[in-house]
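[1] The amino acid sequence is not available; the structure is as follows:
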């Protein structure tokens, strides 16, 4: 039985993008039969983005959810607001199986800080060679302001929403906006949780900027 016929029947090279957990990935992916890019991001920024999505998204819509209640759910790990899994469960699963996967961990903050290096590393991972002109073009078109002007990005949810989705699904394109929402106490509390969850994993330390 073909599980994903729309993907199986597509001519290569084929791209499959998902927010799914490792254990829900197609069998071939878990067997290392394709190249995998796992994008990592500072968990504080990730949870802030998650919170904004819960308030604004048509898919999981909680307009009255406060940041304080959401943060408490993150710390406790027990809430309907934590759809599918936590940041920790998601990344630890992919990281745990990295040795038998053909995987590249793509860091969101690194793309901001040194996009040229990341573009070259990603090209190398896929067995491609980029010219300086191609790298410059890539960096131009992945710029946040350019993405906002590109209908392929800016209108991505419009055909799927059952309610009017706010234009904020592409918010600021920053790597440090979490500082405008986390209190010092919340930041310290989260740091403690991170240490407890990730201790001994060897997972790359997040970039808190």
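    Cool, got the structure. Being a predicted model, the structure only gives us computed values, none of them experimental.

[2] and the spatially most central residue of the chain, what does it touch?
    The chain has residue 39 as the residue nearest its centroid, 5.3 Å off, counting by Cα atoms, centre = their mean. Neighbour list for residue 39: 105, 106, 107, 108 [criterion: Cβ atoms under 8 Å, 6 or more residues apart in numbering]. To be clear about C-beta, it is placed using only N, CA and C from the backbone, and glycine gets the same treatment.

[3] Can you pick out the ones from these that are in helices?
    Using DSSP state H, the members of these that fall in helices are residue 108.

[4] thinking again about what came up before, the residue nearest to the centre of the chain in helix, strand or coil?
    strand (DSSP: H, G, I helix; E, B strand; the rest coil).

[5] residues making contact with stretch 104-124?
    The contact list for stretch 104-124, computed with Cβ under 8 Å, 6+ apart, reads 35-42, 45, 95, 98, 125, 129-130, 135, 138-139, 142, 175, 204, 206-207, 209.

[6] What average pLDDT does that stretch get?
    The average pLDDT within stretch 104-124 is 92.

[7] how about the helices in the protein?
    5-8, 27-30, 43-56, 67-76, 87-96, 108-113, 115-125, 132-141, 144-149, 151-154, 184-198.

[8] What residues sit buried inside the fourth one?
    Buried positions in helix 67-76, judged by neighbour count with 16 or more other Cβ atoms under 10 Å: 67, 70, 71, 73, 74.

[9] Now do the same contact list for residue 75.
    With contacts defined as Cβ under 8 Å, 6+ apart, the neighbours of residue 75 are 189, 190, 193.

[10] count of neighbours near the first one?
    Counted by other Cβ atoms under 10 Å, the residues lying close to residue 189 total 16.

[11] Need the nearest residue in space to it, chain neighbours excluded.
    residue 75 (6.3 Å; Cβ to Cβ, 6 or more residues apart in numbering).

[12] measure the one you found to residue 151 for me?
    39 Å (Cβ to Cβ, to the nearest Å).

[13] So for stretch 102-118, first residue to last residue, what's the gap.
    17 Å (Cα to Cα, to the nearest Å).

[14] can you offset everything so residue one is 15?
    Happy to do that; since the first residue is 15 now, the last one works out to stretch 116-132.

[15] roughly how far out does it sit from the chain middle?
    12 Å (Cα atoms, centre = their mean, to the nearest Å).

[16] Now do the buried residues in it.
    Under the neighbour-count criterion of 16+ other Cβ under 10 Å, stretch 116-132 has 117, 118, 119, 120, 121, 122, 123, 124, 125, 126, 132 buried.

[17] Out of the buried residues of helix 81-90, which is nearest to residue 63?
    Distance ranking of the buried residues of helix 81-90 against residue 63, using Cβ to Cβ, places residue 84 first at 11.6 Å.
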